[in-house]
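Undergrad: Show me the folded form of this:
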Amino acid sequence: MKSFAAVTVVAIGLAAAAQPARRAVTLVVVGGTVITQNAARDIISPGAVAIDGTDIVEVGPPDAIAAKYRASETIEAREEIVLPGLINTHTHAPMVIYRGLADDLALMDWLQKHIFPAEAKTVSPEMVRTGTRLAALEMIESGTTTFADMYYFEEEIAKTTVEAGLRAVLGETIIQFPVADAKTPAEGLARAERFIREFKDNGLVVPAVAPHALYTNDRATLVASAELSRRYGVPMIIHFAETEEEVRIAREQFKATPAAYLESLGFWGPNTLAAHAIWVTDEDIAILARRGVGLSHNPESNMKLASGAAPVVKYLAAGVALGLGTDGAASNNDLDMFEAMRQASFLAKHVTKDPRAVPARTALDLATVGGARALHMERLIGSLEPGKRADLITVSMRAARQTPIYDPISHLVYTTRGDDVRTTIVNGKVLMKDRQLRTLNREAVIAEANKLAVKVRDAVAR
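TA: All right, here's what the predicted structure looks like:
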C-alpha cells in the first residue's frame, strides 16, 4: 500500500506535467498600463509585453504572460505607462551641434545667411559623428526609437545610429551647390547609390535618397533622384511646400504648385516622404493622397520659423499618411517628440479655432502608427502587437504635474515630457533602463559635443 506522501508526490508530478511548459523568451516588460496602438487601440491595465529576440510575441495581462513565458530579463514598470517607441519622421541629427546658433529668423534668412555658411565651414565626418551621437542620446532619453534623417556624410550617421541601437530611415542629401561631401549633384547621387548598397540589408537602418528641395535642385537632379530611389526600391525624402516663397518660386518658374510640378516630373511615389507640406491646395492634397506619399508635420519648427501651419485636419480627412517630426534641433530647438505631439494638437486647435481638432488620441497616433505609415513601415513598427519589432518605451507617471491621472493618453500628450521616459527598447535591445544608458556614455557624448561647439563658434566668428 502506497503511503499518503507518495500519492501526494505523484499527484503533484502529474499536475505539473499537465501544465504546458513556459516558453523561454529574452525579455518581458511588465507595466501598470500598456497602450498598444493596435487597430482596436486596446489599452491593457495592468499589462505586459513578451519579447523574444527582435520581436514582440504577445501582449496581455501580467498573470497571463507570466504563465506562458519565462524571461531572461524582466523589466518592472508597474507604475509606468508602456507604449510603442515614438517615431520622428523628419530631422537632421547632426544639426544638434547648431542648436541656438541662429534664432528668430525666417527660413530663407536662417538657411542662407547662417546655416549654409556655418555648414560650409564646419561640416565634416567628425562633426557628423559627434552631432549624431548627441542626437541619439537625446532621442533615447526622450523616447524616440525611430527617426528619419537627411544630411551629409550619411554613412557616418548610419554607423553611429547602429552603434547607439536606434532605428532610422537615413537619406543622403542631394543638392545643387557644392557641399561638404559632394561638389556636384552627380557626385551626390553617386554617394547616395554607394550608401544604399552599403546599408540596403541593415537590420536597423533603411537607406534613402534625399533631394533637399525643389528650390535647391534642378529638374534633371529631381528626376535622377526619383529614378535612383525606384531602381533600388528605397525611400525618397524631400523638403516640400515649406514656405510661401517656395510656392512663389514654383509658380513663377514652372507655372504650377510644388506638388503639381513634382507630379509632372513623375517624382511622387508610394515610397516618398515629404517634410512640412504646409502650403498646399485641395488639388495638391488629392495628388499626395492618390500617390500614397507620406508626410511629416513639424509644428514646432514651422512655428519658430514662422513658415505657417500645415492643414493637418484636411490631410487626415483625405487619408494621407501623416506623421510627426521635430525637424533639426537648430530650428526647433530639441528632439522631444512629446513636445511635438503637444504642439501639433495646440496648433491645429489654434488654426481651426476648433478645440476638437487633433485631440490627444490623434496626436499620439501621429507619433506612433501615423509615423510608421508615413515611413511606409507600418508592418514593422508603430504599435505593440505580436510579430512587430520590439520598439517600446516606458514613461513614469510619478511627477507632481502628472497627478492625479484620469486618462493616460491625455497625460502622455498634454503633460508628459521627454525626461519622464524611464526605459527605451529598440529591436528587443534595452538602450536605456531606469534612465541608465546602455549603448552610449552620456558624459563622454556631452563632453565631445561641447568640445566641437568651441570649434563651431570660432569658425562662424571668422
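
Undergrad: The helix or strand containing residue 108: what's the following helix or strand?
TA: Assigned by DSSP states H and E, residue 108 belongs to helix 107-109. As assigned by DSSP H and E, the chain's next helix or strand after helix 107-109 is helix 116-122.

Undergrad: picking up where we left off before, check which helices and strands the helix holding residue 108 sits against.
TA: Of the remaining helices and strands, none touches helix 107-109 by 3 or more C-beta pairs under 8 Å, 6 or more residues apart in numbering; DSSP states H and E. Just so you know, the C-beta spots here come from the backbone N, C-alpha and C atoms, and that holds for glycine as well.

Undergrad: Quick one: the helices in the stretch 251-400 of the chain, in order.
TA: In the stretch 251-400 of the chain, the segments counted as helices under DSSP state H, counting those that start in this stretch are 258-264, 282-291, 299-304, 312-318, 337-352, 360-367, 369-374.

Undergrad: The fifth one: how far from the chain's middle?
TA: What that stands for is helix 337-352. Computed by C-alpha atoms, centre = their mean, to the nearest Å, the separation of helix 337-352 from the middle of its chain amounts to 17 Å.

Undergrad: Read off the pLDDT value for the closest residue to residue 347 other than its chain neighbours.
TA: Spatially, and ignoring its direct neighbours in sequence, residue 347 is nearest to residue 299 (4.7 Å; C-beta to C-beta, 6 or more residues apart in numbering). Residue 299 carries a pLDDT value of 98.

Undergrad: same thing with the one 10 residues further on?
TA: pLDDT, the model's per-residue confidence, is 98 for residue 309.

Undergrad: how about low-confidence regions in the protein?
TA: Along the chain, the model assigns pLDDT under 70 to residues 1-19.

Undergrad: so where's the longest helix in it?
TA: As assigned by DSSP state H, the longest helix anywhere in the chain is helix 442-461.

Undergrad: Export it to CSV, keeping only CA atoms.
TA: Provided in CSV are the C-alpha atoms of helix 442-461 (Å, rounded to 0.1, in the frame of the first residue of the first chain):
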residue,chain,number,x,y,z
ARG,A,442,26.4,60.1,-21.6
GLU,A,443,29.2,62.1,-20.1
ALA,A,444,31.6,61.3,-22.9
VAL,A,445,29.0,62.2,-25.6
ILE,A,446,28.2,65.6,-24.0
ALA,A,447,31.9,66.4,-23.4
GLU,A,448,32.7,65.6,-27.0
ALA,A,449,29.8,67.8,-28.3
ASN,A,450,30.9,70.8,-26.1
LYS,A,451,34.5,70.4,-27.4
LEU,A,452,33.2,70.6,-31.0
ALA,A,453,31.0,73.5,-30.2
VAL,A,454,34.1,75.6,-29.4
LYS,A,455,35.4,74.9,-33.0
VAL,A,456,32.0,75.8,-34.5
ARG,A,457,31.9,79.1,-32.5
ASP,A,458,35.4,80.0,-33.6
ALA,A,459,34.6,79.1,-37.3
VAL,A,460,31.4,81.1,-37.6
ALA,A,461,33.0,84.1,-35.9
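
Undergrad: helices and strands around it, which ones?
TA: helix 116-122, helix 125-142.

Undergrad: Deepest in the core, which of those helices is it.
TA: Neighbour counts averaged per stretch over those are highest for helix 125-142, at a mean of 24; criterion: mean count of other C-beta atoms under 10 Å.

Undergrad: Run through the neighbouring helices and strands of that one.
TA: Right, helix 125-142 is packed against strand 86-91, strand 144-151, helix 154-164, strand 421-426, strand 429-433, strand 436-437, helix 442-461 by 3+ C-beta pairs under 8 Å, 6+ apart.

Undergrad: Dump the ones you listed to CSV, plus distance to residue 202 and mean neighbour count.
TA: What follows is those, written out as CSV (distance: least, C-beta to C-beta, whole Å; neighbours: other C-beta atoms under 10 Å):
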stretch, distance to residue 202, mean neighbour count
strand 86-91, 18, 30
strand 144-151, 13, 29
helix 154-164, 7, 22
strand 421-426, 13, 25
strand 429-433, 15, 20
strand 436-437, 22, 14
helix 442-461, 22, 13
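
Undergrad: Let's have those in TSV, adding distance to residue 48.
TA: Formatted as TSV, those follow (distance: least, C-beta to C-beta, whole Å):
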stretch	distance to residue 48
strand 86-91	21
strand 144-151	19
helix 154-164	27
strand 421-426	13
strand 429-433	16
strand 436-437	22
helix 442-461	29
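
Undergrad: closest to residue 314 out of those?
TA: Among the helices and strands packed on helix 125-142, the nearest to residue 314 by C-beta to C-beta is strand 86-91 (18.2 Å).

Undergrad: just to revisit the earlier point, the residue nearest to residue 347 and residue 349 touch, don't they?
TA: No. Assessed by C-beta atoms under 8 Å, residue 299 is found out of contact with residue 349, at 11.4 Å.

Undergrad: When those two are compared, which one has more neighbours?
TA: More neighbours surround residue 299 than the other of residue 299 and residue 349, with 28 against 15 (other C-beta atoms under 10 Å).

Undergrad: Against residue 398, how distant is the residue nearest to the spatial centre of the chain?
TA: Taking C-alpha atoms, centre = their mean, the centroid of the chain lies closest to residue 88, which sits 2.2 Å from it. From residue 88 across to residue 398, the span is 25 Å (C-beta to C-beta, to the nearest Å).

Undergrad: do the same with residue 461
TA: Applying C-beta to C-beta, the value for residue 461 to residue 398 is 44 Å.

Undergrad: Likewise for residue 436?
TA: Taking C-beta to C-beta, one finds residue 436 at 17 Å from residue 398.

Undergrad: Repeat that for residue 54.
TA: Counting by C-beta to C-beta, the gap from residue 54 to residue 398 is 30 Å.

Undergrad: What of residue 211?
TA: 46 Å.

Undergrad: between the two, who's got more neighbours?
TA: The neighbour count for residue 211 versus residue 398, taken as other C-beta under 10 Å, is higher for residue 211 (32 against 10).

Undergrad: Residue 236 is in contact with that one, correct?
TA: Yes. Between residue 211 and residue 236 there is a contact under C-beta under 8 Å: 7.3 Å.

Undergrad: so what sits against both of the two?
TA: residue 225 (C-beta atoms under 8 Å, 6 or more residues apart in numbering).
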